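# Sequence and predicted structure below; questions after.
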Amino acid sequence: MKRSIVLCVAFLICGFSMNGQNFYDPDKGCLVDVNGECVPNTVLSALPFLRIVPDARSGGMGDVGIALSPTSNAMHFNASNLAFAENDFGVSTTFTPWLRNLGLSDVFLGYVSGYKNVDDLQSVGASLRYFSLGEINFTDVDGNPAGTGRPNELEVAAAYARKLGDQFSAGLTAKYVYSNLARGQRAGDFIIAAANAFAVDLSFTYDTELDLTTYGSNLRVGAAITNIGSKVTYTQNILRDFLPGNIGIGAALDLDFDDYNRMTFVVELNKLLVPTPQPQLILEDGVVVANPDYDDDPENDIPDYREQPLFSGIISSFGDAPGGGAEEWSEITKAVAIEYWYAKQFAVRAGYFHENALKGSRQFLTFGVGLKASILGIDLSYLAPTSNQNNPLDNTLRFTISVDIE
């Protein structure tokens, strides 16, 4: 199905804008509209497709993955986990339909990942992510036809993981990212180009056996800093935008009750390493005035938080929210999940993901099943929203096929 899109710079850089009628109210601790009601102040980045969870196992567990038992899909969450992989080699492929609730059939995410154990201490991995936005009819700002195109985005990644002890490992991932939303089209005085970036992930895993059940138990704790790389632009102007850098921590507890029954409990927290949008207007002594910290150089008409260099932006992201610590905490997404395996052949999964209503409001339940026969595995997942915020995966099945060889 073809869609029409108005070409404008704001669209191409993911809709970064501030409503001039909104202002920050320090008494309410939020951005408010003209009626005094709190409105979202979502942290935004370029290339958000890099944060889409690519596999059906995690998709059935509230999008957790940093501390799950290692598979080839650890490439997305925490490559250091590959050093603890039990099998010698693994590969998987996932197909994720996108926006099926809107009747679209040509928008999807495809993901292929694999790993190989070099020896008892080292593992290497690689992955390919492809996001197709289907066929689109472009129009200019006046609504006149401007041709058609097939926007797409791509990530290629390679990782190295190594044990630094019996229970601890570290991983480093390098990736190249490409985003073509409207190459060759015109936006004002600029010709739209494809965006390119290089980025890295740094990850760590602690894996230890516990004595919580007669048949054994295991605790994994993971941490990952992902998508740290060059800022990008779709035009030749001076403005560049942050990749969706992220810091996440997770813990997973495996409990074996006998030779056939295992349960895993998981918790995970994530925060974008991207500056929080700053209000252009603030309420001061009952009067709405211009925020003096919004733009030190009004001639270029670019707010200061968007002009920050990469590492300055990462550091400031921990303390730049207008609402202080309470708003910083609201920028952290939380997820919990449970997984049950019978005889290492059949799995049932469920999870819950929560994002603050003023920071995106993604809130959903997920469910999944898994089947494993010899070296072949199949995973399915389903997402059910629990908020009024539409999700591109609403009521959509996605599936993963994997092969693991000892």
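All right, it came through fine.
# which regions of the stretch 151-300 of the chain sit below the pLDDT cut-off?
For the stretch 151-300 of the chain, applying pLDDT under 70 flags the ranges 187-188, 236-238.
# Hmm, residue 396 is touching residue 380, no?
No: counting by Cβ atoms under 8 Å, residue 380 is not a contact partner of residue 396; they are 11.0 Å apart. Where you see a C-beta, it was placed from the backbone N, CA and C, and this is true even at glycine.
# Next secondary structure element downstream of the longest strand out of those in the chain?
Across the chain, the longest stretch assigned as strand under DSSP state E is strand 195-210. For strand 195-210, the following helix or strand on the C-terminal side (DSSP states H and E) is strand 217-229.
# Pull up the pairing partners for that next one, direction included.
strand 195-210 (antiparallel), strand 246-256 (antiparallel) (DSSP bridges).
# Can I get the ones you listed in JSON lines including distance to residue 93 and mean neighbour count?
Output for the strands paired with strand 217-229, formatted as JSON lines (distance: least, Cβ to Cβ, whole Å; neighbours: other Cβ atoms under 10 Å):
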{"stretch": "strand 195-210", "distance to residue 93": "21", "mean neighbour count": "18"}
{"stretch": "strand 246-256", "distance to residue 93": "24", "mean neighbour count": "20"}
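# quick one: which of these is nearest residue 335?
Closest approach to residue 335 among the strands paired with strand 217-229 is made by strand 246-256 (8.4 Å; Cβ to Cβ).
# which ones are touching the residue nearest the centre of the chain?
With distances taken as Cα atoms, centre = their mean, the residue of the chain nearest its centroid is residue 51 (1.9 Å). By Cβ atoms under 8 Å, 6 or more residues apart in numbering, the contact set of residue 51 is 227, 244, 246.
# can you give me the strands for the stretch 301-406 of the chain?
332-342, 346-354, 363-373, 376-385, 397-405 (DSSP state E, counting those that start in this stretch).
# who wins for proximity to residue 166 among those strands?
Short answer: strand 397-405, nearest of those by Cβ to Cβ, at 22.6 Å.
# Would you give the sheet partners of the closest one, along with the direction of each?
Assessed with DSSP bridges, strand 397-405 is paired to strand 89-97 (antiparallel), strand 376-385 (antiparallel).
# Flag every buried residue along stretch 290-297.
By 16 or more other Cβ atoms under 10 Å, the buried positions in stretch 290-297 come out as 291, 294-295.
# Over to stretch 103-123?
104, 106-109, 111-117, 123.
# Now those in TSV, please, with extra columns for distance to residue 260, secondary structure and pLDDT.
Converted to TSV, the buried residues of stretch 103-123 look like this (distance: Cβ to Cβ, whole Å; DSSP: H, G, I helix; E, B strand; the rest coil; pLDDT from 0 to 100):
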residue	distance to residue 260	secondary structure	pLDDT
104	42	coil	75
106	43	coil	83
107	41	coil	88
108	37	strand	90
109	35	strand	92
111	31	strand	96
112	32	strand	97
113	29	strand	97
114	29	strand	97
115	27	strand	97
116	30	strand	96
117	27	strand	96
123	29	strand	97
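# Perfect, I'm done here.
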